[in-house]
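Q: pasting the sequence and the predicted model now:
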Amino acid sequence: MSRGGARMPSIGAGSVDIRSIFGSILNVIKTRANQICAATCDGLILRMHYRWTFCLLLGGFLTVWYSWYHRDVITCVSHFNAETQVRLDYINICLSYPYIEDNGSKRYLLFYRWISWSLLVLAGVYYIPRKVSKNFDNARCKKLLEDLAANAHRYDQAERELVERAARYIIFNLKTHNGLYWKYLFVNVLALLVDLFAMQFLDFILQGRFIQYGFNSYPFDRDPQKFTDYMSQTFPPFASCELTLENQLVNKRTEKFGCHLTIMELYEKVFLILWLWLILLTFVTCCYIVFLFLMWLPCVRAYLLRTAKPVHANDKVRGVVHAVAKNCKIGDIYLLYRVKGHLSHARFYELMTRLSDPALFTKQIQQAPPGTIPDGKDKMPPNKQADTLRNRRPNMPQDPPMNPEYLHQLLASPEMMGRHPQSPDQRTPLLKKNTSILIE
């Protein structure tokens, strides 16, 4: 330790390779970034929360954590004798309770020692929308979107097959996707609440100076002599530390130290970047939620489903779009909007043409193979469906039909009756109704 300074002890000194840690984290981030996002309740705005902001907060935590464990974080000298080395127990108190003079009163910087852990806590909070969206996923819709995304680069017969598969699924499950829309809207509102919580949480940690931090710091003119600018007042590099009778360490006297908080120069830049990002993220999330609510308007639905007219098209695109919007509910429009991003304009127009038919559901059932049962069976009334299940009988093997003439000869033959004495008893239930007919 240098004279008058304090360095936090290193965990496993000599055995921790920071480069390998950062390399592992970057590999995980790169792998996640290359994955296809086909979840039904996921999107760019949510990825900005649980992926981009999560990585930003985790990177800020690791940067501050590395500085705390590999450099001097505080240097203190005594006002009585600047040449005297300050005791470690005094420095430990000064790490937690430094203060500056603000209009004749003391403002303690209680966040200096613990601010890095708040970034780690927020990183965990920003992953909550991802966990919620995974629980809201529709497995069949997700599989459809995954197939479309995996083959989006193809332009051969496979694309026609994907259009057929998408059309079959959407028609069979038409007007049943409203739950996807509401779940997706709920997750985006949850992400907005996480943004507001992060702003309030950091404002509480920084003692009410974070929400206005960027505005009050503009135009970022620094005062390197007296440190009167807003950034230097929020993260002052120099502070005082006072030990009094209450500290029980100075033998009933008051001793004051002057301290240099070396990590404050890093804090002011990390939190300025974080403030700018949270402002932008909150604004974009609010705009996207408004956009999701505007999907109820017919003009917005027509805009979402609008596509370029291919050369082989016979009908007007506007008429096809309006017909599709009339057949579909809000959840179907949302699903078509997601499907549109994985198909070419010509194939999406073909899909829209099939969905614009007023009698599309009836035609799809008639064209289905005899062994398939459409998903429309789920729309059967509960009482009828229960009766069907209750009256269902097991598939028991049935006896083949018996020839009446052969049965008459069998009963008239005493030799056969003697050879099989138990046969008439076994056949008695079957012969009660037909005996008179056979005798006649």
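A: Okay, I see it.

Q: use CA for all of it now, contacts and neighbours both
A: OK.

Q: beta partners for residue 78?
A: On the basis of DSSP bridges, residue 78 is bridged to residue 257.

Q: so it touches residue 243, yeah?
A: No. Residue 78 lies out of contact with residue 243 (C-alpha atoms under 8 Å); the separation is 10.9 Å.

Q: who touches both of these two?
A: Overlap of the contact sets of residue 78 and residue 243 (by C-alpha atoms under 8 Å, 6 or more residues apart in numbering) consists of 255-256.

Q: low-confidence stretches in the stretch 151-300 of the chain?
A: Regions of the stretch 151-300 of the chain meeting the criterion pLDDT under 70 cover residues 152, 154-157, 245, 247-251.

Q: mind redoing it with 80?
A: 151-160, 223-226, 244-255 (pLDDT under 80).

Q: could you pull out the strands for it?
A: Assigned by DSSP state E, counting those that start in this stretch, the strands in the stretch 151-300 of the chain fall at 238-243, 255-261.

Q: of all those strands, which one is nearest residue 224?
A: Proximity to residue 224, assessed across these by C-alpha to C-alpha, is greatest for strand 238-243 (11.4 Å).

Q: now for that closest one, which elements pack on it?
A: strand 99-102, strand 255-261 (3 or more C-alpha pairs under 8 Å, 6 or more residues apart in numbering; DSSP states H and E).

Q: enumerate the positions of the longest helix along the chain that are buried.
A: In the chain, with assignment by DSSP state H, the single longest helix is helix 264-294. Buried positions in helix 264-294, judged by neighbour count with 16 or more other C-alpha atoms under 10 Å: 264, 267-268, 270-272, 274-275, 278, 281-282, 285, 288-289, 292.

Q: repeat that for stretch 158-173.
A: 159, 162-163, 166-173.

Q: from these, which land in helices?
A: When DSSP H defines the helices, the subset of those inside them is 159, 162-163, 166-172.

Q: show residues contacting stretch 107-123.
A: With C-alpha under 8 Å, 6+ apart, stretch 107-123 has contacts from 53-55, 57-58, 60-61, 64-65, 95-101, 198, 202, 205-206, 264.

Q: how many residues are close by residue 255?
A: 15 (other C-alpha atoms under 10 Å).

Q: now do the contacts for residue 194.
A: Counting by C-alpha under 8 Å, 6+ apart, residue 194 makes contact with 125-126.

Q: i'd like the first residue to be 723 from this point on
A: With 723 as the first residue, the last one maps to residue 916.

Q: and it, how close does it get to residue 909?
A: 10 Å (C-alpha to C-alpha, to the nearest Å).

Q: could the strands of the stretch 873-1022 of the chain go into CSV alongside distance to residue 829?
A: Output for the strands of the stretch 873-1022 of the chain, formatted as CSV (distance: least, C-alpha to C-alpha, whole Å):
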stretch, distance to residue 829
strand 960-965, 10
strand 977-983, 15
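
Q: rewinding a little: show me how to select, in ChimeraX, the buried members of the contacts of stretch 829-845.
A: Selection of buried members from these for ChimeraX, criterion 16+ other C-alpha under 10 Å:
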select :775,776,777,779,780,782,783,786,817,818,819,820,821,822,920,924,927,928,986
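
Q: in helices only, show me the contacts of stretch 829-845.
A: Cross-referencing those against helices under DSSP H gives 776-777, 779-780, 782-783, 786-787, 817-818, 920, 924, 927, 986.

Q: in TSV, list those along with distance to residue 768.
A: Output for these, formatted as TSV (distance: C-alpha to C-alpha, whole Å):
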residue	distance to residue 768
776	11
777	13
779	16
780	17
782	20
783	21
786	26
787	27
817	38
818	37
920	15
924	21
927	25
986	32
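
Q: let me know the closest of these to residue 1054.
A: Taking the ones in helices among the contacts of stretch 829-845 together and measuring to residue 1054 by C-alpha to C-alpha, the closest member is residue 776, at 31.5 Å.
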